[in-house]
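J.: build the 3D model from these lines:
(2 chains)
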Amino acid sequence: MTKRGLLSATVVASGLSVLAPALLSAHHAISAFDRSRTVTVTGTVIQWQFINPHAGLWLEAVDESGNVVEWTAEFQGTLDLYRHFSWNKDTFKPGDTVTVTGFPAHNGSTNLASRIVVFADGTEVDLRSAPD
Amino acid sequence: MGRYPTRAMLSLAAACCLPLMALAQSSQQDTPHLSGVWQRSFPGDSSLVPEPPMTAWGRERFDLARPIHGPRTTSATEANSAELTCLPMGFPATYYRPRPFEIVQLPDRALMLFEVDHFWRVIYMDGREFPEVPLHTWNGYSIGHYEGDTLVIETRHMLGWQGENVQRWIDRVGHPFSDAVRVIERIRRADAQTLVNEVTIDDPIAYEEPFTGTLTFRLRDFEIAEFICQELMLSQLPEMRPGQE
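T.: The predicted structure follows:
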C-alpha cells in the first residue's frame, strides 16, 4: 500500500505572527485564521483552483489515526502568485505530494492560510516573501 | 537643383522647425511624467482621515455600514459594501483595493487602466466642461488639467448612496457619499518611484466641510494583468464572497 500522505498536525506555538507580512493585512478573511500558531500538512493534491481573489489547494492527508482527511489551503490571488513565484494554473496537479504550512482556522475546520509550501522535489516557497 | 540641400534650404528648414521643436520641448516640460504602473503602498490606511466631519445624513449611513476593513471590520458574510457584490467602488475608493493601475497620458486626456475588473477611467483634459445634464455613473465623470508637476482631476456625477445593502463609500471603512460629491485629486510624483494623490472630498450632503487625505502609490515594473472580481463565484474556498481581498 502506498503511503498517500502523512498529516503531521504540528501545532507550533511559535510567534510566527511576527513574521506575518503586509499581505496578511490584505487578507480579508484572515480573521478566520489563528495567526498565533501554525499547522503543517503533507498530503496529496486533489484540486488546485488558480483564481481570484484567492487561490485554493485541496489536499488529502492521512491523520495519526489513519483516517483520510481533506485539507483546504488558501493562498493569495493569482497575480501575486504569478508575479512573485511564477505560479500558474498548472503549478499543482492532482496526485502531487505537497507540504503546506500555514495558520489554522479558528473554527477547527481543516482550512489553513498558507505561508510556506514545500514541493515533492524539496523546493520551498515562502509565500511571506511576496512584498505585497 | 543639386542633390544636396543648400545652406539656404537648411536655414529655411531650421527656421520652420525650431519653433515647433521648442514648442514640443516646452509641452514636454510642462507635462509631468506620471505614466506607468502604480500600486498603492500596502497595507496603508483604509480611509483618507480617521474621522471626517459627517453631517447627520452621513452619520446615519455610516452607522449602517458593515465594512471588512478598519476598526469596524465585520465578517465577509455580514458585510454590506458594494465591493462585495463586485460593483464598482468609484473614486477614491477604487484606489483602496491593493491592485495596480496604469496611467497613460495623451495630449487631450489621461487614462487610468485598472487591473481590477479591467475597467478604464478617462480624464478629459481638452478644456471641456462637465455635461450640462449629468449622467450619474458608478465611477463618475472626470475632467483634468496640469498645474506644474501636478495632475489635477475633478470628478462629479458619481452614484452615491444606493441603500443599506449596496453601500457606496469614499474609502474601505464605511464613510458614505452622496450624488452631489465632488472629488478633487492632485496627483504628482514625490520621487521617481512614488506617486502621491492628495484627495479632497467636497460633499455638502454627507460632510460638514471639505476634507483632504493622501494616498501613496509606488511604481511597479510589471504589466497590469486581469483581476476579475466575479471569479469568486467560482471559488470553492469556505466563507468567500466577491471582492474580498
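
J.: which residues of chain B fall in strands?
T.: Assigned by DSSP state E, the strands in chain B fall at B:36-40, B:101-106, B:109-114, B:120-124, B:141-147, B:150-156, B:182-191, B:194-202, B:211-220.

J.: out of these, which comes closest to chain A?
T.: Chain A sits nearest to strand B:36-40 of all the strands of chain B, at 7.7 Å, using C-beta to the nearest C-beta. All C-beta atoms are positioned from the backbone trio N, CA, C, and that covers glycine.

J.: send the alpha carbons of the longest helix anywhere in chain A over as PDB?
T.: The longest helix of chain A (DSSP state H) is helix A:78-85. Provided in PDB are the C-alpha atoms of helix A:78-85 (Å, rounded to 0.1, in the frame of the first residue of the first chain):
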ATOM      1  CA  THR A  78      -3.300  34.700  -8.800                       C
ATOM      2  CA  LEU A  79      -1.400  37.800  -9.800                       C
ATOM      3  CA  ASP A  80       0.700  37.900  -6.600                       C
ATOM      4  CA  LEU A  81       1.500  34.200  -7.000                       C
ATOM      5  CA  TYR A  82       2.400  34.700 -10.700                       C
ATOM      6  CA  ARG A  83       4.400  37.800 -10.300                       C
ATOM      7  CA  HIS A  84       6.400  36.700  -7.300                       C
ATOM      8  CA  PHE A  85       6.700  33.000  -7.800                       C
END
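
J.: just the helices in chain A please.
T.: Under DSSP H, chain A gives helices at A:22-26, A:78-85.

J.: where along chain A do the strands fall?
T.: So, for chain A - with DSSP E - the strands run A:39-49, A:56-62, A:68-74, A:97-104, A:111-119, A:124-126.

J.: compare the helices of chain A and say which comes out lowest on pLDDT.
T.: Across the helices of chain A, helix A:22-26 has the smallest mean pLDDT, namely a mean of 35.

J.: give the buried residues for stretch B:207-226.
T.: Of all the residues in stretch B:207-226, those buried under the rule 16 or more other C-beta atoms under 10 Å in any protein chain shown are B:207, B:211, B:213, B:215, B:217, B:220, B:224.

J.: kindly apply the preceding question to stretch B:119-126 instead.
T.: For stretch B:119-126, using 16+ other C-beta under 10 Å, the buried residues are B:121, B:123-125.

J.: ok, now stretch B:191-210?
T.: Those would be B:195, B:197-203, B:206-207, for stretch B:191-210 by 16+ other C-beta under 10 Å.

J.: please see if that stretch touches chain A.
T.: No. Between stretch B:191-210 and chain A, judged by C-beta under 8 Å from any C-beta of the partner chain, nothing touches; the nearest distance is 13.2 Å.

J.: ok, back up a step: is the longest helix of chain A in proximity to chain B?
T.: Yes. Judged by C-beta under 8 Å from any C-beta, helix A:78-85 comes into contact with chain B at A:78-79, A:82-83.

J.: picking that back up, pLDDT for the buried residues of stretch B:119-126 - can I get that in TSV?
T.: Formatted as TSV, the buried residues of stretch B:119-126 follow (pLDDT from 0 to 100):
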residue	pLDDT
B:121	97
B:123	98
B:124	98
B:125	97
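
J.: closest one of these to residue A:98?
T.: When the buried residues of stretch B:119-126 are ranked by distance to residue A:98 (C-beta to C-beta), residue B:121 comes first, at 40.7 Å.

J.: how close does the nearest residue to that closest one once chain neighbours are set aside get to residue B:100?
T.: In this structure, residue B:121 finds its nearest non-sequential neighbour in residue B:112, 4.2 Å apart by C-beta to C-beta, 6 or more residues apart in numbering or on different chains. Going from residue B:112 to residue B:100 by C-beta to C-beta, to the nearest Å gives 11 Å.

J.: higher neighbour count, the two?
T.: residue B:100 (26 against 21; other C-beta atoms under 10 Å in any protein chain shown).

J.: that one reaches residue B:224, doesn't it?
T.: Yes. Counting by C-beta atoms under 8 Å, residue B:224 is a contact partner of residue B:100 at 5.5 Å.

J.: who touches both of these two?
T.: Common contacts of residue B:100 and residue B:224, defined by C-beta atoms under 8 Å, 6 or more residues apart in numbering or on different chains, comprise B:37, B:115.

J.: pLDDT below threshold where in chain A?
T.: A:1-31, A:130-132 (pLDDT under 70).

J.: let's go with 50 and repeat that
T.: Within chain A, the segments meeting pLDDT under 50 span A:1-29, A:132.

J.: give me the residue at the spatial middle of it.
T.: Nearest to the geometric centre of chain A sits residue A:114, at 3.4 Å (C-alpha atoms, centre = their mean).

J.: in the sheet, who's paired with that residue?
T.: Bridge pairing for residue A:114 (DSSP bridges) gives the partners residue A:102.

J.: isn't it up against residue A:127?
T.: Yes. Proximity of residue A:114 to residue A:127 meets the contact threshold set by C-beta under 8 Å, at 5.9 Å.

J.: what is in contact with those two at once?
T.: With C-beta under 8 Å, 6+ apart as the test, residue A:114 and residue A:127 both reach residue A:75.

J.: measure the residue nearest to residue B:135 when sequence neighbours are not counted to residue B:141 for me?
T.: Counting by C-beta to C-beta, 6+ apart, residue B:135 lies nearest to residue B:157, which is 6.4 Å off, once chain neighbours are set aside. Residue B:157 is 5 Å from residue B:141, where distance means C-beta to C-beta.
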